[in-house]
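Engineer: What follows is a predicted structure for the sequence shown.
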There are 2 protein chains.
Amino acid sequence: MERIDFSKVKITGGFWKQKQELVRNVTVHAVYNRFSDTGRFEAFKGDTSRFTPHIFWDSDVAKWVEGVAYLTMEKREPELEAIVDELVCDIEKMQDENGYFNIFYTVVEPENRFKYRGCHELYCAGHLMEAAVAYYNATGKKKLLDLMCKYADYIEKRFVIDKDTDFITPGHEEIELALVRLYDCTGEERYLKLSEFFVNQRGMHLEDGVADWSVQMYCQSHMPVREQRTAEGHAVRAVYLYCAMADLALKTGDIRLKKACEDIFDNIAEKRMYITGGIGSSQEGEAFTVDYDLPNEISYTESCAALGLALFANRMLLLDPDSKYADVVERAVYNGFMSSISLDGKSFFYTNPLEIIPMHHTRDVSVTGKSRWLPIMSRQEVFDCSCCPPNIVRFIPSIANLAYTKNEDTLFIHQYMDSVSDIEIGGKKVRVTQKTAYPVDGKVQILVEGGDINIAVRIPDWCDSYKGETKKGYAYLELKESSPVELDFKMEPVFIEADPRVLDNCGKYAVQRGPVVYCMEGVDNGEGLRDIRLDSKCEFTVEDSKEFLAPTLKIKAYRKEKSPTLYRKKTDNYVETEATLIPYFAFANREETEMQIWSLIK
Amino acid sequence: MERIDFSKVKITGGFWKQKQELVRNVTVHAVYNRFSDTGRFEAFKGDTSRFTPHIFWDSDVAKWVEGVAYLTMEKREPELEAIVDELVCDIEKMQDENGYFNIFYTVVEPENRFKYRGCHELYCAGHLMEAAVAYYNATGKKKLLDLMCKYADYIEKRFVIDKDTDFITPGHEEIELALVRLYDCTGEERYLKLSEFFVNQRGMHLEDGVADWSVQMYCQSHMPVREQRTAEGHAVRAVYLYCAMADLALKTGDIRLKKACEDIFDNIAEKRMYITGGIGSSQEGEAFTVDYDLPNEISYTESCAALGLALFANRMLLLDPDSKYADVVERAVYNGFMSSISLDGKSFFYTNPLEIIPMHHTRDVSVTGKSRWLPIMSRQEVFDCSCCPPNIVRFIPSIANLAYTKNEDTLFIHQYMDSVSDIEIGGKKVRVTQKTAYPVDGKVQILVEGGDINIAVRIPDWCDSYKGETKKGYAYLELKESSPVELDFKMEPVFIEADPRVLDNCGKYAVQRGPVVYCMEGVDNGEGLRDIRLDSKCEFTVEDSKEFLAPTLKIKAYRKEKSPTLYRKKTDNYVETEATLIPYFAFANREETEMQIWSLIK
């Protein structure tokens, strides 16, 4: 099984066209401007007069470069390309003769190279390698790729041959998956081996340095990766590692690695994932905790973690075309990832709360600097640790990577997006077109030109209306040039319940329409959302919304009458009202206000 | 209106007899032993070889002495009395010639006397004064009283006459109410004036020192006390202040002080009090926060705060015989206060959580020392800051202070306890007897010997069954020697709801029987209490329990069927079960286990 690269898939309309245009016209510039303001670009010139580089700035800039590359693939952006080209020259100048490159450890602490496992050197290297591959693929310009190959060679020398570094595996995974990409791009097997080295060594050395505040589990080093069965530690690190494990399982046919990936995926999807596809429920450690521990108001659910989960699940489809993987991709992308960017494309969430109660942010406890941690209520343009914004810049332009895989004779359609794709399959060159407003509605027309092909289309987990036969969640169909396939996944708003072991959601229900999870906001519904009981016996009114891209929902609801006393005997006194729900991904675009996904019903 | 002192009221049976015997036989010794182990007694000899005194140790020991005094009133305890007598000699030896006495500021930092507002000197002084009054009343021994009068004189000199201290009002209130007691005992008006001085100056000097992590509101100094309308800051400090304000309003007839007390009380009772009578919802600052902010799992609800609220509300009855005050006394005493001591009398809660989920205490976030604050799940024998245990030792033996007040011609019966009391009223000396198993059931027989009297009996707020006429919650009756009054407050378990603005309780219901709030524990009901839906259409089975002193309750209930997937369309699949509820005050007496008060119903 192999992926149809997004370079073959042109998004032509609908939801993703709008989002890609937003990134092209707004986001890529907004992130560049904030990164310039904060000195992230001038750092690459060795200029630290205004700011001291952070240890992860290389990765911030590298992800932005990768985003520029992906935009460039569809349409050149000369201004942005000029910025990248200048940056590549800076990197060339600053790179050590031996191949080492890291702005912080070149300019600020050159004596501390490869000394501290927790200090993101190899993480930065990985993102630079991904950027190099992307920029080469997009533009044919090879300089950055060459520089990064030289760096990869040096890393191999130090970690594998000389073994003279102060740690064995990186504290923050990323280079593992990047080296696979570098191998795919260059054909250089040593890079694949180097990736395998880092993956295989992880968890084999309990003495490998961790920060004094973290434990080996924090960076997935508590046991050899093939023995791991649950998703543990820092959520972003975790999913980046699992991506590399899936890549290697595919390339090498390693059954034990595949099994570890499968079990870890199931642990996430069945026990440790929010309804939004958000993962990493704890702010302490930005980490997974234990099964079913999914608190709403204090959820951490980092944007990068939702994105990373989509990347991991998407890789699993190459190992096994089971729709459970694509369902998780869809859940994460339309909810916990999409919430991370504002509708105007300029600002971002790092954490994506499942519930907001502004009163809890502003309550006065009569002491200073000691209040409980809560996720922020509004998106920001940039963060000190600004990993999420450039991750969005690279992810949305490459969103079509999620759409298709193929084997010898079948094209798998995992995600629905209005698009035209040129695909080679079974020796034929065909053009496959999807016409759809998904996720605004569930109608998808699929056409082929250039020959008849076999397709397998995913029947989404939320869809009840499809009546045909399926295998692991896919309907296997013939797509004839003469007759388009017309899918119609009926998108009715439905109430969803969580497993009762998710204690925060007991007695509560979420509303979902198609893949889109809905929420209520205080700005529409008044304060005290927890008191609203949606009338589950009523129909929702579905209203188109240009503002939110997906429809808003209205439904009859009830509130308890306010009480003259703080406590009273149970009453059945309710006041009828109407509740308005909007797509979760569109929350916090109007003002700081209450928000919740899980609601009472009546 | 005046209080019938508990020295006139002999508890003869039932709930309070058991608790008083427990304190006499177990608790007073257990607290003494732990205080000895930790050096709190030897500190008074100036012996710091094993331990350095804490700044609040005087108050710990003083409250214990007060408890010994109250036990002594009913029956001498020569061994305990000997300990106190020795301690008084130690105090005499260590007291400065000028009258100053504080073990920490005598032994450890004599140069820092009256320098730091936050350092509990006057708080300790207050508790020593209360102990002195109590010990004199109980034994006739006057030495400690004399020493403390000398100290009070010195405090007056420094704070009022010389005005040479580094702060004006104490950071932790207590001395204000203690000075009123010293005045009552000695008749020395200067002590009343000194109390007034501290109360009146509070909030008049925004420059008066606060700790660098606190603000004036923390110690109720954000505005003059007569302007305060809401309960703010550290909850224990707050209610101790409000006690003194109520005392002074009564003694001086100050209408504005009385109005402040009334409004603050209403703010607590109507907006800032847990169903247990617990107050101070925030661990940060051990403080009140904002109206209706009453989270269950992270409630702070210090034992001393519930006790202090009972003391405050009980004082309000002297200003206005309105049952709302006695209802709050009852709520706090049988729930948020009573939970603070184990059934075996040996161990204590400092915080009294409304909900416990052990998984949240043990979940691994893969970092060290960084987990969210949660209240402890088991009572301890002693704490570093061990203010609560000796507070219990003095409160339970004097519980009958809550029972009666009188005016010229009417005896008000606020709390029901099996007892015999010798009371002078309307020129008559009568003996009033209550026969009751309250709160095990609601039957109370009231008899008088020595003449007929007028009584006003409180109809509890939870009682629906009383049909006669009432005024501010009291039934005004004639109690004739020839015919006892037979009250029967029917105690049926009922479901209680909170005002919907208490967001943590939306959709949830508590169970209360008479004044006793109930809870479920995991040890009886299995894990996942939040998933249990009590069948509100069914009757409770009420089962006597010797173990818990009040009955246990059983009722039909339902759990959601566990789900094969983490999220699924709403089902109506329930599994029938039976739920067991025990008195909240008896929770955590078997093992560390889940606990909750507020439950779903069906």
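Structural biologist: Yep, it's here.
Engineer: Can you pull the residues of the stretch 101-250 of chain A lying near chain B?
Structural biologist: Neighbours of chain B within the stretch 101-250 of chain A, by C-beta under 8 Å from any C-beta of the partner chain: A:212-215, A:217-218, A:232-234. Every residue, glycine included, has its C-beta placed from N, CA and C.
Engineer: Output those residues in a markdown table; the columns should cover secondary structure and pLDDT.
Structural biologist: As requested, these are arranged in a markdown table below (DSSP: H, G, I helix; E, B strand; the rest coil; pLDDT from 0 to 100):
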| residue | secondary structure | pLDDT |
| --- | --- | --- |
| A:212 | coil | 86 |
| A:213 | coil | 90 |
| A:214 | strand | 92 |
| A:215 | coil | 94 |
| A:217 | helix | 97 |
| A:218 | helix | 97 |
| A:232 | coil | 98 |
| A:233 | coil | 97 |
| A:234 | strand | 98 |
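Engineer: could you flag which of those are buried?
Structural biologist: If you count burial by 16 or more other C-beta atoms under 10 Å in any protein chain shown, the buried members of these come out as A:214-215, A:217-218, A:232-234.
Engineer: Those into CSV, with extra columns for distance to residue A:161?
Structural biologist: As requested, those are exported to CSV (distance: C-beta to C-beta, whole Å):
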residue, distance to residue A:161
A:214, 29
A:215, 30
A:217, 30
A:218, 28
A:232, 31
A:233, 29
A:234, 29
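Engineer: quick one: which two of the residues you listed are the most distant?
Structural biologist: A:214 and A:232 (11.9 Å; C-beta to C-beta).
Engineer: if I look at those two, which residues touch both of them?
Structural biologist: residue B:366 (C-beta atoms under 8 Å, 6 or more residues apart in numbering or on different chains).
Engineer: So is the helix or strand of chain A with the lowest mean pLDDT next to chain B?
Structural biologist: Lowest on mean pLDDT, DSSP states H and E among the helices and strands of chain A sits helix A:358-362, with a mean of 93. Yes - using C-beta under 8 Å from any C-beta, helix A:358-362 reaches chain B at A:359-360.
Engineer: what residue ranges in chain A score low on pLDDT?
Structural biologist: For chain A, no stretch is flagged by pLDDT under 70.
Engineer: how does it divide into domains?
Structural biologist: Here the domain parsing of chain A from automatic domain parsing is A:38-201, A:222-359+A:375-401, A:405-488, A:493-601.
Engineer: Run through the residues that contact the nearest residue to residue A:200 once chain neighbours are set aside.
Structural biologist: Nearest non-adjacent residue to residue A:200, counting by C-beta to C-beta, 6 or more residues apart in numbering or on different chains: residue A:225, 7.4 Å away. Going by C-beta under 8 Å, 6+ apart, residue A:225 touches A:199-200, A:202-203, A:241, A:245, A:257, A:260.
Engineer: one step back: run through who's touching the least confident helix or strand of chain A.
Structural biologist: Contact with helix A:358-362 is made by A:297, A:372, A:374, A:377, A:522, A:592-594, B:290, B:293, as judged by C-beta under 8 Å, 6+ apart.
Engineer: buried stuff in it?
Structural biologist: For helix A:358-362, the neighbour count (16+ other C-beta under 10 Å) marks A:358-360 as buried.
Engineer: any idea how far it is from the chain center?
Structural biologist: Helix A:358-362 sits 28 Å away from the centroid of its parent chain (C-alpha atoms, centre = their mean, to the nearest Å).
Engineer: ok, now stretch A:265-275?
Structural biologist: 15 Å.
Engineer: list the buried ones in it?
Structural biologist: For stretch A:265-275, burial by neighbour count (16+ other C-beta under 10 Å) applies to A:265, A:267-275.
Engineer: Name the nearest of those relative to residue B:92.
Structural biologist: Nearest member of the buried residues of stretch A:265-275 to residue B:92, counting by C-beta to C-beta, is residue A:272, at 64.5 Å.
Engineer: so how far is chain B from that closest one?
Structural biologist: In this view, residue A:272 and chain B are 9 Å apart by C-beta to the nearest C-beta, to the nearest Å.
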